[in-house]
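Q: sequence-free structure coming up:
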C-alpha cells in the first residue's frame, strides 16, 4: 500500500468512524445494516402482535402488510405536502399492498394500530362532542386527543358509551348521516384507546422508525460529505 492509498484509507476511517474499511464498504449506502433492519422489523412485529392480543382488530391485513402501514404512516413522502395524512395517502398505501386492499382497509388498519392523524378528526361534525358520546369518561378527560372538551356538564360521567351510529347521529347537532358518523366514531374510539394506553404503541412505532430513519440519513450524509471534502485534493488514480 503506497502513501496515497494509506492517506485515503486513513481519511475514510476517520470520516466514517469505522475501524475497518471493509465493514463500511460491505454495508449498503444510505440504509440500515441487515442486523439493524431485522431488529426494527422484529420490534414492529412484536408491537403489532401485542396490540392484536390486547385489542380486537377490525383489519384483516397480514402482519407484513400492517408493518407496511406503520412504516408508511411515519414516512413524510407518503403523507405528502405539509406532512398531513389524507385519504390520498391511504389510497397510495392501499395500492402498494397485495390483494384487493382499498382506502377503507388502510383506514381501519391505522385505527387498529392507533395511527390517528389530525386530518382524521376534521370533518362535518363536532368531533369533541362525538368523542364525549363514545367515551365512558368525564368529558374533561383526555382533551389531548383532538382538541378541547365539549361544553357539557363537567361533573358528569357517562354510564356507557354510545356505539350505535344512528343514535350518535341523532345526538349530534346538525344533519349528519350514520355512515359519516361511523368513520369518525372509529377515529374517536382509536383516540381514546390510544390515550388509555398512554399512546404507548404509537410512540413506540415512532421511536423505532423515526430514530432509525434519522440516524441512517445523518450517517449517510456525513460519510458522503466528509469523504467528498477529504478526497478533493487527492489524485483519483489510486489503486486500493
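A: Yep, it's here. On a predicted model such as this, the values are computed, not experimentally measured, just so you know.
Q: show me where this protein has helices.
A: In the chain, the helices defined using DSSP state H lie at 3-16, 21-25, 34-54, 63-73, 76-79, 87-96, 103-112, 127-134, 165-171, 178-196, 200-230.
Q: my guess is residue 210 contacts residue 75. True?
A: No: using Cβ atoms under 8 Å as the test, residue 210 is too far from residue 75 to be in contact (9.8 Å). C-beta coordinates here come from the backbone N, C-alpha and C atoms, glycine included.
Q: how close does the closest residue to residue 98 other than its chain neighbours sit to residue 108?
A: Counting by Cβ to Cβ, 6 or more residues apart in numbering, residue 65 is the residue found nearest to residue 98 once chain neighbours are left out, at 7.5 Å. Going from residue 65 to residue 108 by Cβ to Cβ, to the nearest Å gives 12 Å.
Q: and for residue 98?
A: Relative to residue 108, and taking Cβ to Cβ, residue 98 is found at 17 Å.
Q: between those two, who's got more neighbours?
A: Legend: neighbour count by other Cβ atoms under 10 Å for residue 98 and residue 108, higher for residue 108 (19 against 10).
Q: contact partners for the more buried one?
A: 58, 59, 186 (Cβ atoms under 8 Å, 6 or more residues apart in numbering).
Q: for the second one, grab phi and psi.
A: It refers to residue 59. The phi/psi pair for residue 59 (degrees, to the nearest 10) reads phi -80, psi 150.
Q: run a quick neighbour tally on it.
A: Residues contacting residue 59 under the criterion other Cβ under 10 Å number 19.
Q: now the last one
A: Close neighbours of residue 186, defined as other Cβ under 10 Å, add up to 19.
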